[in-house]
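Student: Okay, here's the prediction I keep looking at, along with the sequence it came from:
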Amino acid sequence: MIKVILFDFGGVYLKGSAANFVKRSCKALGIHTPKELPVDYVTFHSGLNLGEMTTEAFVQHYFNRPMTPNQTKKIVDIWASTWKANPHMQKLAHQLKKQYRLGVLSNSDLLNTQNYHKAGAYDPFEQLILSHELGILKPDPKIYRIAIRKFNVKPSEILFIDDQERCLVTARKLGMKTLRFTSFSGFKKDLRTHGIWPTKKIAGK
């Protein structure tokens, strides 16, 4: 029986994507937008998610070009506005909270985490397992085991939701149940397959 529902944050609980960040940033800097995220993005983004670099250092290293303080600030602001609240998901979480224990298991960074706290985005969640605070990234099994310990339940009693299959593989190997998020409407259907649905109907797409 599911007792705990763990959410990835950006791209699942919040709307947004790294590709959108790169596209908006390149437009602001007047440079060509790559068709795919280069390996360097993954490398530098990992440093940010591990808490090893600031957002300012991340954008300067990633774009690898001279940037004025105003340009740096503009790109940092774009980063901070890339992931936005999904009202349908927020409403759903508050309903699910009445029946399940909720948590966040996410690769994260300090700036966005501070903003999410201020906005009350974490309010429905009992536990926050965040990579930049722990110095551990998904899909490292260590961060999943921390989540299991914090909730003090069996892995099979946890449902983990993520939009990246590579992050779900580790969860399954540890015994968690998983859902891959692709859309809110699909997510509602997937919840029903696990016998999960709040007492009140949630509208939205």
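Tutor: Sure, I can see it. Note that the structure is predicted; figures quoted are calculated from it, not measured. Numbers count the residues shown, from 1 in each chain.

Student: With adjacent residues omitted, what lies nearest to T170?
Tutor: Distances taken as C-beta to C-beta, 6 or more residues apart in numbering put P139 closest to T170, at 4.1 Å, once the chain neighbours are dropped. For glycine as for every other residue, the C-beta is placed from the backbone atoms N, C-alpha and C.

Student: Go ahead and confirm H132 touches G47.
Tutor: No - judged on C-beta atoms under 8 Å, H132 makes no contact with G47 at a distance of 10.0 Å.

Student: What is the burial count for L48?
Tutor: 25 (other C-beta atoms under 10 Å).

Student: now do K177
Tutor: Count around K177 with other C-beta under 10 Å applied: 18.

Student: Next, the buried residues of the helix or strand that Q60 is a member of.
Tutor: Here Q60 sits within helix 55-63, counting by DSSP states H and E. Using 16 or more other C-beta atoms under 10 Å as the burial criterion, the residues of helix 55-63 that qualify are T55, E56, F58, V59, Q60, Y62, F63.

Student: picking up where we left off before, check whether the residue nearest to T170 sits in a helix, strand or coil.
Tutor: Of the three states, P139 takes coil under DSSP: H, G, I helix; E, B strand; the rest coil.

Student: can you start the count at 50 instead of 1 from here on
Tutor: Let's use 50 as the start, then, which means that last one is P188.

Student: For it, which residues are in contact?
Tutor: Neighbouring residues of P188 by C-beta atoms under 8 Å, 6 or more residues apart in numbering: R215, C216, V218, T219.

Student: Equivalent analysis for K146, please.
Tutor: P173.

Student: Could you do R150 as well?
Tutor: Here R150 is in contact with K52, V53, I54, E175, Q176, F200 (C-beta under 8 Å, 6+ apart).

Student: on that earlier part again, look at H181 and G96 and report which has more neighbours.
Tutor: Each of H181 and G96 has its neighbours counted (other C-beta under 10 Å); H181 has more, 22 against 17.
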